[in-house]
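Engineer: any chance you could fold what I've pasted below:
(one chain, ligands or ions: 2)
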Amino acid sequence: MTNEILGIAASSGIAIAKAFRLENPKLIVEKTTVLNMNQEVERFEQALETSKIELEGIKEHAFKELGEDKAAIFAAHLLVLSDPELINPIKEKIKGEQVNAEFALDEVANMFINMFEAMENEYMKERAADIRDVTKRILSHLLGVTIPNPSMIAEEVIIIAEDLTPSDTAQLNRQYVKGFTTDIGGRTSHSAIMARSMEIPAVVGTKTVTNDIENGAFVILDGLDGKVIVNPSDGVIKEYEAKKAAYEAQKVEWAKLVNERTVTKDGYHVELAANIGTPEDIKGVLENGGEGVGLYRTEFLYMGRTQLPTEEEQFDAYKAVVEQMEGKPVVVRTLDIGGDKELPYLDLPKEMNPFLGFRAIRLCLEMQDMFRTQLRALLKASVYGNLKIMFPMIATLNEFRQAKSILIEEKEKLQAEGIAVSEKIEVGMMVEIPSSAVMADVFAKEVDFFSIGTNDLIQYTMAADRMNERVSYLYQPYNPAILRLVKMVIDAAHKEGKWVGMCGEMAGDEIAIPILLGLGLDEFSMSASSILKARSQLLNLSKAEMNTVIEQVLNMKTAEEVERFIKEIEVEKVLNLNKSSFTR
Ligand code: PEP
Ligand code: MG
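Structural biologist: Residues are numbered from 1 along each chain as shown. Ligands and ions are numbered 1, 2, ... in the order given. All right, here's what the predicted structure looks like:
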C-alpha cells in the first residue's frame with residue numbers, strides 16, 4: 001500500500017530507488033559446552049579469515065574513495081585480527097574450558113578492552129576501540145549475522161536509518177546511495193549538512209521511517225519538499241520522474257552562472273562562499289563557482305578514526321585546501337567537537353546536555369596540546385594561500401583573547417624555529433552564542449571578522465535543540481529575534497571597519513537571502529550545492545530596494561509575517577520581470 005511520510009527537507013533533489021535499511025543488529029553471546037574442541041577452533045579460524053577478507057575489501061574501498069587516513073582505521077583493524085596476543089588465548093580458552101568460540105572471544109576481548117581502557121595512555125585506549133570493532137565483526141560471522149556496511153553498498157538504494165552519524169554519512173558511496181531518510185535529526189544536524197555537501201537528497205526527522213519501510217521496498221525520496229513515498233503507484237512515479245527532470249533542468253540553468261561574480265541588479269557585490277568538511281569537497285566548491293571557503297569544519301579530519309591526526313596530516317589537509325583555492329579566501333575553523341560530533345577516542349564523559357557542554361573552544365583551551373598542534377599546522381599552511389582562522393563557540397571575550405594569544409605564541413615559536421608563517425592571517429570568531437552577538441560591539445574591536453553561525457545561534461536563542469525534530473518548529477531563521485541579533489553583529493562589525501560572513505544554513509535560505517542583503521552581510525557561506533541557486537537569486541535582487549524595507553521587516557512580530565512579506569516581494573519581482581519582457 002502506498003504510504004506518504006513527512007519529514008524535514010534536509011538536502012535537495014529527488015531519488016527513486018529501493019530501500020536499504022541500515023541498522024546495527026544485536027549480537028547476543030551465550031555460553032555453551034562444546035565436545036569437539038578442534039572443530040570449534042576451526043570454526044573460529046574460519047570467522048577470522050572471513051573477517052580478514054572483508055576488512056581488506058573495506059580498506060581498499062576506503063583508500064580509493066576516501067583517502068589514506070580513513071583507510072588507516074581498517075589497517076589497524078587488520079593488525080588486531082592477526083595479533084597472537086589476542087587470538088591465542090581465545091583458542092586456548094576454547095580448548096581448555098570446552099566453551100564455544102563466541103563466548104571465548106567475548107570473554108578474552110572484553111578482558112583486553114577493559115585493561116586498555118583503564119590505562120592513561122591514549123594509544124592504549126585507542127587499541128580498546130579497535131578490539132571492540134574487530135570483535136563485533138568476528139562475532140557477526142560466528143553468529144551468522146550481517147553487519148551492514150554503508151561503504152560496501154553496490155546497487156542503487158535509498159538508506160533508511162534511525163539516525164546517521166557524520167562518519168556513517170562520510171562513508172556513503174555517492175554512486176549507489178541515491179538518498180537517505182532518518183527518524184531523527186533536523187536540517188542543521190551534521191549528517192544533513194554533509195548530505196548537502198555530498199549532493200545526496202535527504203529527508204530527516206520523519207520519526208517513523210524505520211517503522212514504516214521494509215528492506216527492499218520501492219521508495220521515492222523528495223528532498224525538495226521533505227516527503228518519502230513508499231510503494232508509489234505508477235502515476236505517482238511518473239509525476240516524480242517529471243519533477244526530478246524539472247529540477248535537473250533548473251540545475252543546468254544555474255550552472256551557467258558558474259563563472260559570474262555575484263553582483264546585484266544595482267551593482268552591489270557580495271561574496272558567495274562554501275562550507276566544506278574535507279579537502280575533497282573543494283572540487284564541488286569550484287564546480288559550483290564558490291568565491292571562497294567561508295567555513296572549513298576541521299572536525300571531520302578528527303572523526304572516523306582511532307587517534308588524533310598528527311600535525312603533518314593536518315598540515316597536508318589545510319595546505320591542499322588553500323592551494324586548490326588559489327588565493328581565494330579560506331576560513332578555517334579550529335576544532336569544534338562536541339554536540340552531535342563525537343570523538344570516541346578522546347573518551348570524554350557522557351554529558352546531560354552535550355550542546356551546552358564541554359566542547360569546541362572550551363575543550364581546546366583545556367586540551368591545549370591538541371589545540372596547539374592544530375594551530376601549528378594551520379600556521380604552516382598559511383603561506384600557501386589566503387588562509388584565515390576562526391574560533392568556534394566563543395561566549396566571552398576572555399575565551400577569544402586566550403585562543404588568540406595561544407595562536408600568537410605558536411606563531412612566534414614557529415618563526416623562532418625559522419619556519420615561514422604568513423603575516424596576513426586574519427583571526428576571527430564564530431558568533432553563534434547569543435552572549436557574543438549581544439556583545440558584538442566589544443568583540444568587533446579585537447577580531448578581524450565575524451562569521452555568524454546561525455545553526456547554533458538559533459538553537460541557543462530559541463532554546464531548541466537542533467537535533468530534536470519535536471522542537472524543529474522553533475528553528476526560525478526569520479524570527480525577528482534572530483534578525484535583530486544578526487543586525488547587531490553586522491552593524492557592530494561595520495562600525496569598526498570589519499567584515500561579516502554567515503556560515504550557518506540560513507545564509508543559503510532563499511527567504512533569508514534578501515533580508516541578509518538588506519542587513520549588509522558581506523559574505524554568504526553555504527553548502528556548495530546551494531551556491532548557484534543563491535547567485536541566480538542575488539543577481540535579480542536590488543540592494544537599494546532591500547535597504548528600504550529592512551526596518552519594516554525588523555519591526556515585524558513573527559517569523560511567519562516576515563516570510564509572507566518576502567514571498568510577496570519575490571512574487572512581485574517575478575510579475576514585474578514577466579511584464580517587462582512582455583513589453584520589450
Ligand atoms: C553554526 O552553528 O551555524 C555553524 C556553522 O557551525 P556548526 O553547524 O558546525 O555547528
Ligand atoms: Mg556551530
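Engineer: quick one: what helix or strand has the residue in the stretch 1-150 of the chain positioned nearest to ligand 1 in it?
Structural biologist: In the stretch 1-150 of the chain, the residue that lies nearest ligand 1 is residue 10 (13.0 Å; CB to the nearest ligand atom). Any C-beta I mention is one placed from the backbone N, CA and C, and that applies to glycine too. Residue 10 belongs to strand 8-11 when assigned by DSSP states H and E.
Engineer: now do residue 137
Structural biologist: helix 122-143.
Engineer: what are the buried residues along that helix?
Structural biologist: Across helix 122-143, burial judged by 16 or more other CB atoms under 10 Å covers 125-143.
Engineer: picking up where we left off before, so what's the closest residue to the residue of the stretch 1-150 of the chain closest to ligand 1 other than its chain neighbours up against?
Structural biologist: Distance criterion CB to CB, 6 or more residues apart in numbering; nearest residue to residue 10, sequence neighbours excluded, is residue 192 at 3.7 Å. By CB atoms under 8 Å, 6 or more residues apart in numbering, the contact set of residue 192 is 8, 10, 11, 185, 186, 202, 204.
Engineer: the biggest strand by length in the chain packs against which elements?
Structural biologist: In the chain, taking DSSP state E as the definition, the longest strand is strand 14-21. Packing partners of strand 14-21 (3 or more CB pairs under 8 Å, 6 or more residues apart in numbering; DSSP states H and E): strand 157-161, strand 177-182, strand 218-222, helix 234-255.
Engineer: that one versus strand 218-222: what angle between them?
Structural biologist: Angle between the axes of strand 14-21 and strand 218-222 is 130 degrees (criterion: axes from the mean of the first three to the mean of the last three CA atoms, to 10 degrees).
Engineer: partner strands of strand 14-21, parallel or antiparallel?
Structural biologist: Partners of strand 14-21 in the sheet, by DSSP bridges, are strand 157-161 (parallel), strand 218-222 (antiparallel).
Engineer: just give me how far the helix or strand following that strand sits from the chain centre.
Structural biologist: Next along the chain after strand 14-21, taking DSSP H and E as the criterion, comes helix 37-66. Put simply, helix 37-66 sits 30 Å off its chain's centre (CA atoms, centre = their mean, to the nearest Å).
Engineer: repeat for stretch 258-273
Structural biologist: With CA atoms, centre = their mean, you get 27 Å for stretch 258-273.
Engineer: list of residues touching it?
Structural biologist: Here stretch 258-273 makes contact (CB under 8 Å, 6+ apart) with 287-295, 329, 331, 501, 503, 517, 521-526, 531-532, 534-535, 538-545.
Engineer: sort out which residues of that stretch are buried, please.
Structural biologist: Result for stretch 258-273 [16+ other CB under 10 Å]: buried residues 262, 264, 268, 270, 271, 272, 273.
Engineer: in CSV, list those along with distance to ligand 2 and secondary structure.
Structural biologist: Converted to CSV, these look like this (distance: CB to the ion, whole Å; DSSP: H, G, I helix; E, B strand; the rest coil):
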residue, distance to ligand 2, secondary structure
262, 24, coil
264, 28, coil
268, 28, coil
270, 22, coil
271, 20, strand
272, 20, strand
273, 16, strand
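Engineer: quick check, nearest of those to ligand 1?
Structural biologist: Nearest member of the buried residues of stretch 258-273 to ligand 1, counting by CB to the nearest ligand atom, is residue 273, at 12.1 Å.
Engineer: what does the stretch 251-400 of the chain put close to ligand 1?
Structural biologist: Counting by CB under 6 Å from any ligand atom, the residues of the stretch 251-400 of the chain close to ligand 1 are 295, 297, 336.
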